[in-house]
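K.L.:
sequence-free structure coming up:
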């Protein structure tokens, strides 16, 4: 639980001591970290320390509480300010509103009034800390500069454990709305984050870990993660100090991205100080052979050789990054000589989706071959009997009827008798988005409908009905799409 820092400003020591005693003895989560006996002293102390709340008396000799609040608003606009006074004149109230005072309480101080105040401010501060932590995680993941004082303020545990899990392939380069960042719910005991909805980074405060962290996080991942063809997990065995959070996040992502092998389930457990070394080579001799085939128009041999190369790389358990590099070299070579199916504008997007969604190397072989060499007229007879748009509507109807099941691109394309590449093209053409994005959007719209149509609603049941086995994971995705949690959505519906 976060501890919120309070500064008391009053030129009467008796009032200061009374308020300090009431706060520290009665209200967990709040700490009087600084005291000032006039407004000038308070402004000087604020240069080196910014509390969450400033509680100031209005009537002081050197600088009034109203003047202090005005200066705080100019320099520290996000700080919560509370005015205390024995005066009830309307003019004070008007000025307090003008300076956006968080609250206004009267002397003599009544403990029940303080309790109401701190309950209200506690809720606001919890939201503030939650959003600031999310912002800091975003900056650290994207390797943007962060203030060390901000880390210390908003990550209040001394040490954290870390782990990351990704379903299927590396983050898509052509991200659309379902690739929005996914943050944990404000009430979750473990901080989580995803660059998209296929990934979760976990940060766990040391004090809540009882036992072996590897066992604890493995259980958590197994419990909440959605279905996937394969999963790659990286776990840091040891806790690390909060000042190292950025370094550890960078390390987790590096190890993850350089370890993914298409179709292979992996759990990598590392010590905090252990260095990860990826194996790489620069042998592109196969390109000469392929180039010779292109020049002599041996397209059947070219297609067969590309499939054999992908099969060999799969047998060698080459990483996704390694294979992607080679496949793109082949793509550029085909473009240079005008070979392949000629739809070069689609190559990058389709390859990106193939690598992100392929469940194993066999599926990748089929998709890459389909992208580079297959003629669209070769699609199944079922598709040719009706227009592509009519057939696409059949596909959407199938998805809508089965959204509670663990659907993916492979299962739907197999069920509907078309290739994954063709299905990807249809979604781009008629929906302007990827299959994954469409499915998530469909599920979220259905969830909103269910949440708004029932008198007694259980989030766990709604999650199951729209295809999510864990309600916390569902809540994260729902919040990403709607900007509010399922419980907040229910409350809003009731108002």
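P.N.:
Everything's here; your move. Bear in mind that the values here come from a model prediction, so they are computed numbers and not experimental data.
K.L.:
what about stretch 153-164, distance to the chain center?
P.N.:
Here stretch 153-164 is found 16 Å from its chain centre; the criterion is C-alpha atoms, centre = their mean, to the nearest Å.
K.L.:
Please report how far residue 234 lies from residue 196.
P.N.:
When distances are taken as C-beta to C-beta, to the nearest Å, residue 234 and residue 196 turn out to be 17 Å apart. Every C-beta, even on glycine, is put in place using the N, C-alpha and C of the backbone.
K.L.:
Please apply the same query to residue 104.
P.N.:
Distance check for residue 104 against residue 196: by C-beta to C-beta, it reads 45 Å.
K.L.:
The two - which one has more neighbours?
P.N.:
More crowded of residue 104 and residue 196, by other C-beta atoms under 10 Å: residue 196, with 22 against 17.
K.L.:
Shouldn't that one be within a helix?
P.N.:
No - Residue 196: not assigned to a helix; according to DSSP: H, G, I helix; E, B strand; the rest coil it is coil.
K.L.:
how much space is there between it and residue 364?
P.N.:
Separation of residue 196 from residue 364 (C-beta to C-beta) stands at 20 Å.
K.L.:
Then residue 347?
P.N.:
15 Å.
K.L.:
What of residue 106?
P.N.:
For residue 106, the distance to residue 364 (C-beta to C-beta) stands at 71 Å.
K.L.:
between these two, who's got more neighbours?
P.N.:
When neighbours are counted by other C-beta under 10 Å, residue 364 comes out ahead of the other of residue 106 and residue 364, with 26 against 13.
K.L.:
Provide the secondary structure category for the more buried one.
P.N.:
Under the three-state scheme (three-state DSSP), residue 364 adopts helix.
K.L.:
and it, what does it touch?
P.N.:
For residue 364, the contacting residues are 262, 310, 314, 323, 354-355, 358, by C-beta atoms under 8 Å, 6 or more residues apart in numbering.
K.L.:
farthest-separated two in those residues?
P.N.:
Set against one another by C-beta to C-beta, the contacts of residue 364 have their most distant pair in 314 and 354, with a gap of 13.7 Å.
K.L.:
Give me the more crowded residue out of these two.
P.N.:
The neighbour comparison of residue 314 against residue 354 (other C-beta under 10 Å) goes to residue 354, with 25 against 19.
K.L.:
Confirm for me that the more buried one is in contact with residue 366.
P.N.:
No - using C-beta atoms under 8 Å, residue 354 and residue 366 do not qualify as a contacting pair, with a distance of 9.1 Å.
K.L.:
Now the common contact residues for these two.
P.N.:
Taking C-beta under 8 Å, 6+ apart as the contact rule, the neighbours common to residue 354 and residue 366 are residue 420.
K.L.:
which strands and helices sit next to the helix or strand hosting residue 71?
P.N.:
Counting by DSSP states H and E, the element that carries residue 71 is helix 65-75. Taking 3 or more C-beta pairs under 8 Å, 6 or more residues apart in numbering; DSSP states H and E as the contact definition, the neighbouring helices and strands of helix 65-75 are helix 39-46, strand 53-57, strand 80-85, helix 90-98.
K.L.:
among these, which gets the worst mean confidence?
P.N.:
Summarising mean pLDDT across the helices and strands packed on helix 65-75, the least confident stretch is helix 90-98, with a mean of 62.
K.L.:
tell me the contacts of the closest residue to residue 242 other than its chain neighbours?
P.N.:
Nearest in space to residue 242, with sequence neighbours left out and distances taken as C-beta to C-beta, 6 or more residues apart in numbering, is residue 155 at 4.7 Å. The neighbours of residue 155, taking C-beta under 8 Å, 6+ apart as the test, are 133, 136, 203, 242, 245.
K.L.:
I appreciate the help and will end here.
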